[in-house]
Each structure stands twice: as structure tokens, then as C-alpha cells.
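Student: Pasted the sequence and its predicted model underneath.
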Amino acid sequence: MIKGGFQGKILRVNLTSGKIIVEDLNEDWAKKFLGGRGYATKIIYEEVDPKIDPLSEKNKVIIATGPLGGTLAPSSGRTMVITKGPLTGTIACSNVGGYFGPALKHAGFDMVIIEGKAKEPVYLWIYKGEVELKCAKDIWGKASDEADKLLREKTHPKAETMEIGPAGEKQSLVANAMFNGHRAAGRTGVGAVLGSKNFKGIAVRGNLGVKVAEPEKFMAAVYKTREILSKDAFSGGGAAMLGSAMLVNVINGVGAFPTKNAQDAYFPEAEKISGETLRERNLIRNEGCAECPIGCGRVTEIKEGKYKGAHGGGPEYESIWSLGAMCGVSDLNAIVMANYLCDKYGMDTITAGSTVACGMELYEEGYIPKEDSPFPLIFGSGEALVEAIKLMGEQKGKLGKLLAQGSYRLGEYYGHPELSMSVKKQEFPAYDPRGVKGIGLEYATSNRGACHVRGYTIAPEVLSGAADRLKYEGKGELVKTFQDLTSALDSSGICLFTTFGMGGEDIALLLSTATGFKVDINEFMKIGERIWNLERLFNLKAGFTRKDDTLPMRILKEPIKTGPSKGEIEELDKMLDDYYKVRGWDKNGAPTNEKLKALGLLD
Ligand code: SF4
């Protein structure tokens, strides 16, 4: 009997039959995988053939919370979207902040499984334990923020919402699931899977509490962790002041800020797009997620120039980089505008910006013929950036349709896939592996294609300096530790940013007092390792092998041209064998039976 943290109920919605059933949470799975990413991956692993077309009716999407979601634990507003991702073909888990996850818990459910395909557009309304599939014909085609508004008008003014924008409806591989119109569960094209099912979104509202197993001990852990967060420089003030964009000057300052499609890793105009400049020119206020004392979100507006009057959420660091330096653009208002458009269409900003950057290089090299682009698609042009995002969002013309498939397929069409800065066809984020060695190993081995939030080694390699960013030794162990920690954290329901101050022990204490499970730091890390290995098993069955654990040729062969990391390349092979070894995997990157048995994944 689960004593707390979980509500114990899972909603299963079959869109083909219209049947909705409520299932009991499997206690054994909850102990082994927690909730969120871990538990939902177990469901996908058991129920979805890894070889299916991700956009076929056979795929499933799980909207999941963790056991700390909806409690008073700090930064516990996270929601996860788990499926087989169409951009990569891998297992996919996107993690988003806001208030949706707690609302789902307060309505009585830990997660929602969406399966099958509706004949016509539908949305789901969950209200205090009652659930209904409703017609979404008049919301279909609406931008994310309009859909959010309409969903609340149709249900409850204080409902929390998840929705797809036009990109998801058109099954763009760049598509997100959006929350409240401006928070994004991004990467891997999860929004396209929802679009393929004719599923526009969910509105949810509830008023139940979430019981915890040991209330006094849990509250003591809550006070302790909130105090820890208040004392850290980033979580205790820096994040609220500058948002994640405070990293622009830091990462450019070490020469690891991919510039012009990673032709370089130092952007001389970084100051113009920094967190400091954004605060001065665009910030209206900060925004936080449920129970978050950190408050890193930005609410901004454009106060002058061509896009004057536009307003919305963000941009955060990754978006400023992908739509900025990666495209050689230093016009901050154009970057902010492009970010707003990505949210409206419901597109992932990392993939969108990096795909435009790839398009810019293809165009400048003459691989994209001039007649294929309605405007000069050149590096440094804020106008070209904004127009390219519109083409992508609307899938207008040949180029618009190609941009909507991400950079790998765009480059492949024009004969140069090597110009896609991606791993497993997913674009890498805002840290150049040539200047930070461990993050390259992290991108190469990440279970959802290139990603920084599967194992954020930037913290020790750059921010604290605990690990030498230019050394290869010990990076296998470092990457494994961060990947395992993040897998467990994602499955608990709190935000990754808490780890700037809190350690695994603190999260384990919150978890054990909330659920009543025996979770200490060792068990917490073991749960994370178990989840990582299960994701790996799914990908191996989907056909991925060691050869897919790699990086773009540019990163492996072309030295950085300027800045503090000038001359560096990434020697991935120096780290990969070591990584497989510390993971207990064979030379081909498959977990050994011994490892699977130790993790309880094989009898
Ligand atoms: S740190 Fe930022 S993203 Fe994380 S929960 Fe708080 S406001 Fe949301």
C-alpha cells in the first residue's frame, strides 16, 4: 500500500474507441521507477513496439507527474511527456514546468495515457475526478496561446492546460506539447505524436490534496531544502535576476558558445544578446512554476522597432543561443520575436534555431538554390530568422516543409546532412563539446538524441570548475553520474534547477518522507541507473547501436577558430569506451546480463 506522494490512479484514454478507464498504479513499478519519466518509460517499454513508426496509431503518449508533484516540495510543478519521438526514433521524455502537473494530481491522477487515434479533433477535460473527451474542431488550427485561452473558456477559467499548436497538428518534427500556451515540453517532436492522434490538448482542474507518508519529517525536509536553495548564488537570486540567460556571457566567456552553425564557438556580439541586456531592454517581470522559490522564467515585451508591442514568455538561454549566436544574429528583438513565434506555432526553439542555422549555411554555400528560398537566408539577418521561423511554422512552400522536419532531413535533402549539428537527428544545445569535453560524451550517449538536460555536466565542467572542462579523463564516470541522477530527479517531479543547490541526498529525503519508500542516496542513484538502462534497452530494440553514439563530423574534426577554446576538437573515442565500461555495458553499448540483473531488469 503506497502511503503518500502518489494518488494511485492512472487514466487511460483510448482515442480510437473513445473508452476511458482508470487503472491502479503498480506499487512495485513505483518503487523501482518512481513516477514521471521512470514509470512512464516502463509503460512505453511494456506496451509500445520500439520499431513502430512514431506517428502511427500504435504509438502512445503519457503525460506524467512524479510523487513530489502537487506537494509542498520546492519547484515541484514539473510534468513529463513520454513517447517514442518522431524526430529521433528513440524513447522520448520532455519535461516542462508550470502548474499542470500539480493540477492533474489535485484532480486525482498521477498520469494520463493517450492511445489510438481520434476520427476528429478532440480534447480531454478532467475535473475533480470526472473525465470527458470533447470535440476540438473549433480549437484546431489555433496558435498555442489562443488554444490555451479557448480551452479555459470552454471548461474553467482557472483550468491548467496542455495543447499543441499548428506545428503539432501538421506533424512537424519540430513540434512541442505546449502548456498554458507558452511553456514547452520540447525536443524530439512530441507534439507531432499528439497531432497524429488528432489530440489538441487537455484542460484539468481539481481540489484534492496530495497526502505524504510522514508529514512532519516531510515538512522538515521541505524547509531544509528551501533554505539550501535560498543560499545558493544561482537558485537564491541569480536565476530570478537574469534567468537562465545569465549563461550567455559565461559560456561565451569560455569559448563554448556554438556560433554560425558551430563554424566557431565564440560569438563576439554576445553582450548584445546577454541576460543582462534582455533584463534591461525586454523584461517585464519574472515568472515561477508551482512551489518554486527560484523563479527563473521571463515575461517580456518588445518595446521598440519593427516588432514593437509583441509580448510573451522567455526567451531562456537555449533559445537566445539557437535563435541568436547559432544563426549569427545579434538583434535581440528579432530573437525575442522568433521565440514568441516558436511558442505560438508550438515549436522547439533549439531544433528550430539550429535548423535555420543549418539552412543558412546550406544557402550561403549554394547548396540551397536561391529560387528555393523566398528571401536571402543568410547568417546575421534577424529578418531572415523571423521569416524562416514563419515558413517553418506554416510549412509554406518546399523550404517551409523541409525546415519543419529539422536540420538533419533538411541537410540530407540538399545533399549535406553533415551540416546538421545533431546526434540521432536531434540538434545539440548551447554548449560546444570542443570547449567542454564531457558534455560531448553526454550528447553522444543521451537516450533522446543530443540533449543537455539528460546529464548537465556543465555544472562541474564550467560553473563550479570541479572538473577540468578540457580534460578527457574521468568523463565517463562524470557523465554516468549526472545521467543517473537526472533520470531519478525527472521521475520525482521536481525541477533540475534545484540541483544547483540541492544534492541527491536532499531529494532522496523528500522522496522517502513523501512516499514512505526506503530511498537513500544509493537507492536514488540506483533508480536513476535502472531508468537509464531501460531507456537504452528500448533504443537498442529500436535499432540504435554504438555507431549512433557519435557527434557531428565538424565537432570531431574542425578545430574552434577563435576565442578561449581556439584550436580544440572533441576526441569522443577517448571517452566512449570508458563510459561503456563504467556503465557495465559491452563494447557495442549494450547492457550486460549481469548489469540488468543487478538493476532488477532481468530475472
Ligand atoms: S527553476 Fe525555473 S523552470 Fe524550474 S521550477 Fe522554478 S521557475 Fe520553473
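Tutor: The structure has been received and is ready for your questions.

Student: Would you mind listing what in this structure touches the ligand?
Tutor: Applying Cβ under 6 Å from any ligand atom, we find that the chain lies next to the ligand at 75, 77, 97, 288-289, 292, 294-297, 495, 497. For every residue, glycine as well, the C-beta is placed using N, CA and C.

Student: From those, list just the buried residues.
Tutor: Using 16 or more other Cβ atoms under 10 Å as the burial test, the residues of the chain next to the ligand include 75, 77, 97, 288-289, 292, 294-297, 495, 497 as buried.

Student: In strands, which of the residues you listed appear?
Tutor: Residues of these located in strands (DSSP state E): G297.

Student: wait, which of the buried ones among the residues of the chain next to the ligand is closest to V356?
Tutor: V356 has its nearest neighbour among those in G297, at 24.2 Å by Cβ to Cβ.

Student: and the residue lying closest to the closest one once chain neighbours are set aside, what is it in contact with?
Tutor: Closest residue in space to G297, ignoring its immediate chain neighbours: E287 at 3.4 Å, by Cβ to Cβ, 6 or more residues apart in numbering. Applying Cβ atoms under 8 Å, 6 or more residues apart in numbering to E287 gives the contacts 295, 297-299, 313.

Student: just to revisit the earlier point, redo the buried ones among the residues of the chain next to the ligand as TSV? Include pLDDT.
Tutor: Below are these laid out as TSV (pLDDT from 0 to 100):
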residue	pLDDT
S75	97
G77	95
G97	96
G288	92
C289	95
C292	95
I294	93
G295	92
C296	92
G297	92
C495	96
F497	94
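
Student: right, and out of the buried ones among the residues of the chain next to the ligand, which lies closest to E383?
Tutor: G297 (27.7 Å).

Student: quick one: terminal-to-terminal distance for stretch 205-212?
Tutor: Start and end residues of stretch 205-212 are separated by 21 Å (Cα to Cα, to the nearest Å).

Student: So what touches that stretch?
Tutor: 3-5, 7, 69-71, 103-108, 126-129, 155-156, 158-160, 218, 513-515.

Student: Using neighbour counts, pick out the buried residues of that stretch.
Tutor: Going by neighbour count (16+ other Cβ under 10 Å), the buried part of stretch 205-212 is 205-206, 210, 212.

Student: In the stretch 501-603 of the chain, which residue sits closest to the ligand?
Tutor: Distance from the ligand to each residue of the stretch 501-603 of the chain (Cβ to the nearest ligand atom) is smallest for G501, at 10.7 Å.

Student: For the residue lying closest to that residue once chain neighbours are set aside, the count of nearby residues, please.
Tutor: Nearest residue to G501, sequence neighbours excluded (Cβ to Cβ, 6+ apart): D232, at 3.5 Å. Neighbourhood size, D232 [other Cβ atoms under 10 Å]: 18.

Student: what's near enough to touch S565?
Tutor: Going by Cβ under 8 Å, 6+ apart, S565 touches 254-256, 265-266, 432, 434-435, 470.

Student: and the two most separated of those?
Tutor: Pairwise distances across these (Cβ to Cβ) peak at 14.9 Å, for the pair Y266 and L470.

Student: Report the contact partners of R583.
Tutor: 476, 480, 533, 591, 595.

Student: The residues of the chain next to the ligand into JSON lines, with extra columns for distance to G449?
Tutor: Formatted as JSON lines, the residues of the chain next to the ligand follow (distance: Cβ to Cβ, whole Å):
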{"residue": "S75", "distance to G449": "26"}
{"residue": "G77", "distance to G449": "25"}
{"residue": "G97", "distance to G449": "22"}
{"residue": "G288", "distance to G449": "29"}
{"residue": "C289", "distance to G449": "25"}
{"residue": "C292", "distance to G449": "28"}
{"residue": "I294", "distance to G449": "27"}
{"residue": "G295", "distance to G449": "30"}
{"residue": "C296", "distance to G449": "24"}
{"residue": "G297", "distance to G449": "25"}
{"residue": "C495", "distance to G449": "22"}
{"residue": "F497", "distance to G449": "22"}
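
Student: Check G353 and give its pLDDT.
Tutor: On pLDDT, G353 comes in at 98.

Student: For the ligand, what's the nearest residue on the stretch 351-500 of the chain?
Tutor: Using Cβ to the nearest ligand atom, the closest approach of the stretch 351-500 of the chain to the ligand is made by C495 at 3.2 Å.

Student: need the contact list for that residue.
Tutor: 75-78, 97, 289, 292, 294 are the contacts of C495 under Cβ under 8 Å, 6+ apart.

Student: ok, 7 Å please
Tutor: 75, 78, 97, 289, 292 (Cβ atoms under 7 Å, 6 or more residues apart in numbering).

Student: Quick check: it vs T445, distance?
Tutor: 23 Å (Cβ to Cβ, to the nearest Å).

Student: can you map out the helices along the stretch 151-300 of the chain?
Tutor: 166-169, 190-196, 215-231, 239-242, 247-253, 275-281 (DSSP state H, counting those that start in this stretch).

Student: By mean pLDDT, flag the weakest helix or strand of the protein.
Tutor: Here the helix or strand of the chain ranked lowest by mean pLDDT, DSSP states H and E is helix 239-242, holding a mean of 91.

Student: Could you list the residues in contact with the longest helix along the chain?
Tutor: Scanning the chain for the helix with the most residues, using DSSP state H, yields helix 521-542. Contacts to helix 521-542, defined as Cβ under 7 Å, 6+ apart, come from residues 32-34, 37-38, 41-42, 45, 50-51, 89-91, 447, 483-485, 487-488, 491, 504-505, 507-508, 590-591, 595-596, 599-601.

Student: Likewise for stretch 469-480?
Tutor: So stretch 469-480 is in contact with 254, 435-438, 441-442, 445, 455, 457, 460-462, 467, 568, 571, 574-575, 578-579, 581-583, going by Cβ under 7 Å, 6+ apart.

Student: which of these count as buried?
Tutor: Using 16+ other Cβ under 10 Å, the buried ones in the contacts of stretch 469-480 are 254, 435-438, 441-442, 445, 455, 457, 460-462, 467, 568, 575, 578-579, 582-583.

Student: How about the backbone phi and psi for the residue lying closest to K574 once chain neighbours are set aside?
Tutor: Distances taken as Cβ to Cβ, 6+ apart place Y472 nearest to K574, at 4.5 Å, with adjacent residues excluded. With angles defined as degrees, to the nearest 10, Y472 sits at phi -100, psi -30.

Student: Can you get me a residue count around Y472?
Tutor: 18.

Student: Equivalent analysis for the one 4 residues further on, please.
Tutor: The burial count assigned to G476 is 22, neighbours taken as other Cβ under 10 Å.

Student: which SS state does the residue with the largest distance to the centre of the chain fall under?
Tutor: Distance to the chain centre peaks in the chain at E371, reaching 35.0 Å (criterion: Cα atoms, centre = their mean). Here E371 is recorded as helix under DSSP: H, G, I helix; E, B strand; the rest coil.
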